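Chemist: Predicted coordinates and the sequence they were generated for:
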Amino acid sequence: MDVVIRNANLADGRSGVDIAIAQGRIAAIAPALAVTAGREIDACGDLVSAPFVDAHFHMDATLSYGLPRVNASGTLLEGIALWGELKPELSQQALVERALQYCDWAVARGLLAIRSHVDVCDDRLLAVEALLEVKRRVAPYLDLQLVAFPQDGLLRSPTAFANLQRAIAMGVDVVGGIPHFERTMADGAESVRLLCEFAAEQGLRVDMHCDESDDPLSRHIETLAYHSNRLGLHGRVTGSHLTSMHSMDNYYVSKLLPLIREGGVAAIANPLINITLQGRHDTYPKRRGMTRVPEMLAAGIDVAFGHDCVMDPWYSLGSGDMLEVAHMGLHVAQMTGQDAMRACYTAVTDTPARILGLDGYGVAVGCHADLVLLDAADPVEAIRLRAARRLVMRRGVIVAESPPAHASLHLPGRPGCVDFRLGR
Ligand code: FE2
């Protein structure tokens, strides 16, 4: 064996197991494995997890905070306007450098797979070229999946559909959309039909920004589920954001959720961004705006949490930490039961891996040895502490290390070191 990790806890509840790794894949998992390896790692009873996966991100905009100015109101619409001001000033080299820097942050956080939307409404397709270059360069250590995203509207922007098709021909993986930003509800529905039919013809996945609005009558998710079902796209279609569902009538939602399930459509909530952007037209009480996560999970719908933005026109914070995303999602959705908290961890690991269609993902024999050793005993503790990633491994090779978080105290009569874990 090349590597053996001893005494690990797993996210599924198994504890004290050893993980043997050979030729970049997991070769065995069992207690007290009788194997020798070139390198032994003692997990000390800490959690060894499959890597974090972010199913919803915008890498073309990331780390552009302050360019050309900051978003003064902090609203979605000013963010879109600001992005429009920035687009003509973008250079391919600067885009690549910012994206590579973000991928460094991601790897350090144990985030080894990202689905990023890339705006195709710039006729130069400069961001598409830049992110395809980034995808090629990070491939040894990070899976980057790209979505052709018509930010200014498929029908509202005159060249968007042609540009989207060009982007797909250049190697972009997934068909995107933004039906709620079209001029009318009818145009929004038509854009969903056109994009789903195009994806079906091309054999591609679909991931649309869908109903990112507080308008309870924004119901494009219904149309998306309908076309997914009609075209047999089950398991390949995702609705991102779905915030209007927060404000919808309960009776309508009771009809809608089975339709989403029937259409095989997954959902991605973006808790950090939507808790800050939604409800901006409210006085008090203010709506939270995040989509109905526990209700969709109960209906058998796959739900992942995405980061969406880090230091860009829409969001000035973030550092690529999917545990921060899960932490916010848990709070906003009031998912505080033990099973619910574990589901929040699954929403940043297994579920987005399934949405992306990642091959060989997981902690099981035969899977890629892509693993994260956390400074926490289990998924709930990992979320509580936004635990340090002691080790991040890609194909059996350590690609990042972080020291555990602890503090030295200088208090009279008290022990000198705390690490924020019970019993330590
Ligand atoms: Fe987004």
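Modeler: Here it is on my side, so go on.
Chemist: Could you list the low-pLDDT ranges of the chain?
Modeler: Within the chain, the set of residues satisfying pLDDT under 70 is empty.
Chemist: for this protein, what spans make up the helices?
Modeler: For the chain, the helices defined by DSSP state H occupy 76-86, 92-108, 126-138, 160-170, 185-202, 220-231, 244-247, 250-262, 271-277, 293-298, 322-332, 338-346, 350-356, 379-385.
Chemist: possible to save these as CSV with mean neighbour count and distance to A400?
Modeler: All C-beta atoms are positioned from the backbone trio N, CA, C, and that covers glycine. Shown next, in CSV, are these (neighbours: other C-beta atoms under 10 Å; distance: least, C-beta to C-beta, whole Å):
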stretch, mean neighbour count, distance to A400
helix 76-86, 17, 30
helix 92-108, 19, 5
helix 126-138, 20, 13
helix 160-170, 19, 31
helix 185-202, 19, 35
helix 220-231, 22, 37
helix 244-247, 23, 36
helix 250-262, 15, 37
helix 271-277, 24, 22
helix 293-298, 18, 29
helix 322-332, 24, 14
helix 338-346, 18, 20
helix 350-356, 23, 19
helix 379-385, 21, 16
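Chemist: out of those helices, nearest to V17?
Modeler: Nearest to V17 among those is helix 379-385; the distance by C-beta to C-beta comes to 15.6 Å.
Chemist: what sits up against the closest one?
Modeler: Here helix 379-385 makes contact (C-beta atoms under 8 Å, 6 or more residues apart in numbering) with 11, 47, 49, 323, 326-327, 330, 338, 341-342, 344-345, 374-376, 387, 405, 420-421.
Chemist: ok so, going back, wait, which of the helices of the chain is closest to V397?
Modeler: Ranking the helices of the chain by proximity to V397 (C-beta to C-beta) places helix 92-108 first, at 11.7 Å.
Chemist: just how off-centre is that closest one within its chain?
Modeler: Relative to the mean C-alpha coordinate of its chain, helix 92-108 is positioned 16 Å out (C-alpha atoms, centre = their mean, to the nearest Å).
Chemist: Could I get the CA-only coordinates of it as PDB?
Modeler: The C-alpha atoms that make up helix 92-108 are tabulated as PDB, following Å, rounded to 0.1, in the frame of the first residue of the first chain:
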ATOM      1  CA  GLN A  92      -8.200  37.100 -19.700                       C
ATOM      2  CA  GLN A  93      -5.000  37.100 -17.700                       C
ATOM      3  CA  ALA A  94      -6.500  38.800 -14.700                       C
ATOM      4  CA  LEU A  95      -9.500  36.400 -14.800                       C
ATOM      5  CA  VAL A  96      -7.200  33.400 -14.900                       C
ATOM      6  CA  GLU A  97      -5.100  34.700 -12.000                       C
ATOM      7  CA  ARG A  98      -8.100  35.400  -9.800                       C
ATOM      8  CA  ALA A  99      -9.600  32.000 -10.500                       C
ATOM      9  CA  LEU A 100      -6.300  30.200  -9.800                       C
ATOM     10  CA  GLN A 101      -6.000  32.000  -6.600                       C
ATOM     11  CA  TYR A 102      -9.500  31.000  -5.600                       C
ATOM     12  CA  CYS A 103      -8.700  27.300  -6.500                       C
ATOM     13  CA  ASP A 104      -5.700  27.500  -4.100                       C
ATOM     14  CA  TRP A 105      -8.100  28.700  -1.400                       C
ATOM     15  CA  ALA A 106     -10.500  25.900  -2.300                       C
ATOM     16  CA  VAL A 107      -7.900  23.100  -2.100                       C
ATOM     17  CA  ALA A 108      -6.700  24.400   1.300                       C
END
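Chemist: Dig out what L391 forms beta bridges with.
Modeler: L373, E401 (DSSP bridges).
Chemist: didn't it look like it was pressed against P403?
Modeler: No - the pair L391 / P403 is not scored as a contact, 11.2 Å apart, by C-beta atoms under 8 Å.
Chemist: So if I had to pick from the two, which one is more boxed in?
Modeler: Neighbour comparison, L391 and P403: the larger count goes to L391, with 19 against 8 (by other C-beta atoms under 10 Å).
Chemist: how about that one, what does it touch?
Modeler: Applying C-beta under 8 Å, 6+ apart to L391 gives the contacts I41, L371, V372, L373, I398, A400, E401.
Chemist: ok, the spatially closest residue to G289 that is not a sequence neighbour - contacts?
Modeler: Closest residue to G289 apart from its sequence neighbours, by C-beta to C-beta, 6 or more residues apart in numbering: Q278 at 2.1 Å. Counting by C-beta under 8 Å, 6+ apart, Q278 touches D214, T243, H246, R287, R288, G289, M290.
Chemist: Same list, the helices of the chain, but as CSV with distance to Q151 please.
Modeler: Formatted as CSV, the helices of the chain follow (distance: least, C-beta to C-beta, whole Å):
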stretch, distance to Q151
helix 76-86, 7
helix 92-108, 15
helix 126-138, 10
helix 160-170, 8
helix 185-202, 13
helix 220-231, 16
helix 244-247, 19
helix 250-262, 24
helix 271-277, 15
helix 293-298, 25
helix 322-332, 22
helix 338-346, 29
helix 350-356, 21
helix 379-385, 32
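Chemist: Quick one: closest of these to G413.
Modeler: helix 379-385 (26.0 Å).
Chemist: And that closest one, how far out from the chain middle?
Modeler: Distance, stretch centre to chain centre, for helix 379-385: 18 Å (C-alpha atoms, centre = their mean).
Chemist: from here on, count from 10
Modeler: Noted, 10 is the first residue going forward, which turns the last one into helix 388-394.
Chemist: show me the contacts for the nearest residue to N172 once chain neighbours are set aside.
Modeler: Leaving aside its sequence neighbours, N172 sits nearest to V129 (C-beta to C-beta, 6+ apart; 4.3 Å). Each residue near V129 by C-beta under 8 Å, 6+ apart is listed here: V137, A157, F158, P159, Q160, A169, N172, L173, R175, A176, V181, G185.
Chemist: M350 too?
Modeler: Applying C-beta under 8 Å, 6+ apart to M350 gives the contacts L339, M344, P388, V389, I392.
Chemist: which of the contacts of Q287 tops the neighbour count?
Modeler: The residue in the contacts of Q287 with the most neighbours, by other C-beta under 10 Å, is T252 (29 neighbours).
Chemist: Sweet, I'm off.
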